[in-house]
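**Student:** quick one, what's the 3D model for this:
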Amino acid sequence: MSAPSSGAAPPGGPRSAVRRRATQERQQALANQRPNSTRAAGAGGSSSTMLKLYTDEAAGLIVDPVVVMVLSVGFILSVVALHIIAKITNKIMGN
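**Tutor:** Predicted structure coming up:
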């Protein structure tokens, strides 16, 4: 029997070689984009990665850092004020 006369290219022809080469180049480019270490990936010692942990994707209560600082300084000042008030009242009462 003879080959079909539909004009289709036989398998494994030049088109498949071009596809294989393009796939191989794509895989090499992807491998070259990946960092080789965690340091190159941006982890380990970088403060910008610490901040990425607390982004909008994080589950739980999201509080602005300024609010946290204001509340903590306010708490510290209230403790200092209570100590001062206690010392003053101790001197006035004469204990």
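**Student:** contacts, neighbours, all on C-alpha from now
**Tutor:** OK.
**Student:** now do residue 83 against residue 74, distance only.
**Tutor:** For residue 83, the distance to residue 74 (CA to CA, to the nearest Å) stands at 14 Å.
**Student:** now do the SS call for residue 72.
**Tutor:** Three-state call for residue 72 (DSSP: H, G, I helix; E, B strand; the rest coil): helix.
**Student:** since we're on it, how many residues are nearby?
**Tutor:** Neighbours of residue 72 under the rule other CA atoms under 10 Å: 12.
**Student:** wait, what's in contact with it?
**Tutor:** Residues counted as contacts of residue 72 (CA atoms under 8 Å, 6 or more residues apart in numbering): none.
**Student:** what about the helices in the protein?
**Tutor:** 14-33, 38-41, 47-53, 65-93 (DSSP state H).
**Student:** which one of these has the lowest average pLDDT?
**Tutor:** With a mean of 57, helix 47-53 has the lowest mean pLDDT of the helices of the chain.
**Student:** distance of residue 87 relative to residue 94?
**Tutor:** 11 Å.
**Student:** more neighbours: these two, which one.
**Tutor:** A side-by-side neighbour count of residue 87 and residue 94, using other CA under 10 Å, places residue 87 first with 12 against 7.
**Student:** need the contact list for that one.
**Tutor:** No contacts exist for residue 87 under CA under 8 Å, 6+ apart.
**Student:** neighbours around residue 20, how many?
**Tutor:** 12.
**Student:** whoops, I mixed them up, residue 21
**Tutor:** 12.
**Student:** that one and residue 12: what is the separation?
**Tutor:** Residue 21 sits 13 Å away from residue 12, going by CA to CA.
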